[in-house]
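1. Fold the following and give me the result.
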Amino acid sequence: MSLDISHNLASIQQSLPADVLLVAVTKTKPLADLQAAYDAGQREMAENKVQEILEKAPQLPSDIHWHLIGHLQTNKVKQVLPFVHLIQSVDSLKLLLAIEKHAEKIGKPINCLLQVFIAQEETKFGLDPAEVKSLLNSPERKNCKWVNIIGLMGMASNTSNQEQVKAEFQSLKQLFDQTKAAEPQFEWLSMGMSGDYELAVAAGSNLVRIGSKIFGPRIVKNPSSAEKIK
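-> Model (predicted):
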């Protein structure tokens, strides 16, 4: 298995431009798979659930950069902040202010991306472009000292229509470029997963979140199995 993971990582890295960051999505995967990725040189890893970061991070090398890419509830912010390197899924001012509050308490600046809703699926979270502008310009955000908003994240529709996916990625890239003009610290445009990352990179993504192409298909035996991984 470790040889496959190493080969998969190398193959994907070779296909990416040098300025695109590969984040390995490790949700539901056992520690052995994560260690194999680490041994192959991978340091950026992402989880959807706070619980998985809390369980895995203490058992793996401390120089892993953990990304939270799933929906974050405000009541779990306090738990995850000590472990997380980048929160990619900030989708409300309320959540941003909760992160600010707890980041100040522990004295740790936190980098975040705003999650933008670009898909034609109601199941996905995110802000619309007007809400992105409103949040960034809000007095509350301007008073934040511990939260750094350094880019945008989005997920395209789960569809075989590549033109639709391409259009969704292009719309997010356009929003990123427009926003960066007023937010010069913006660095990351996170879009693209195993099935569509090549389209995302072509549209201007510089951070891709890839899981199954590295670790194989995700296997969930029951709704709580992801939280039982040790």
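
2. Can you name the element that comes right after the helix or strand bottoming out on mean pLDDT in the chain?
-> Of the helices and strands making up the chain, the lowest-confidence element is helix 2-15, at a mean of 90, by mean pLDDT, DSSP states H and E. Using DSSP states H and E, the helix or strand that follows helix 2-15 towards the C-terminus is strand 21-25.

3. which other residues reach that next one?
-> 9, 12-13, 16, 37, 42, 44-48, 67, 69, 188, 190, 193, 206-211, 214-215 (CB atoms under 8 Å, 6 or more residues apart in numbering). All C-beta atoms are positioned from the backbone trio N, CA, C, and that covers glycine.

4. backbone phi and psi for the residue nearest in space to the middle of the chain, please?
-> Centroid check for the chain by CA atoms, centre = their mean gives Ile69 as the closest residue, at 3.6 Å. Torsion angles at Ile69 (phi, psi; degrees, to the nearest 10) stand at phi -120, psi -10.

5. I'd say it and Met45 touch.
-> No: using CB atoms under 8 Å, Ile69 makes no contact with Met45, being 10.3 Å away.

6. rewinding a little: the least confident helix or strand of the chain to strand 21-25, inter-axis angle?
-> 150 degrees (axes from the mean of the first three to the mean of the last three CA atoms, to 10 degrees).

7. just to revisit the earlier point, can you tell me which of the contacts of strand 21-25 are buried?
-> 9, 12, 16, 37, 42, 44-48, 67, 69, 188, 190, 193, 206-211, 214-215 (16 or more other CB atoms under 10 Å).

8. Of those, which belong to helices?
-> Leu9, Ile12, Ala37, Ile214, Phe215 (DSSP state H).

9. Does the second one touch Ile210 like I think?
-> Yes: using CB under 8 Å, Ile12 and Ile210 qualify as a contacting pair, with a distance of 6.2 Å.
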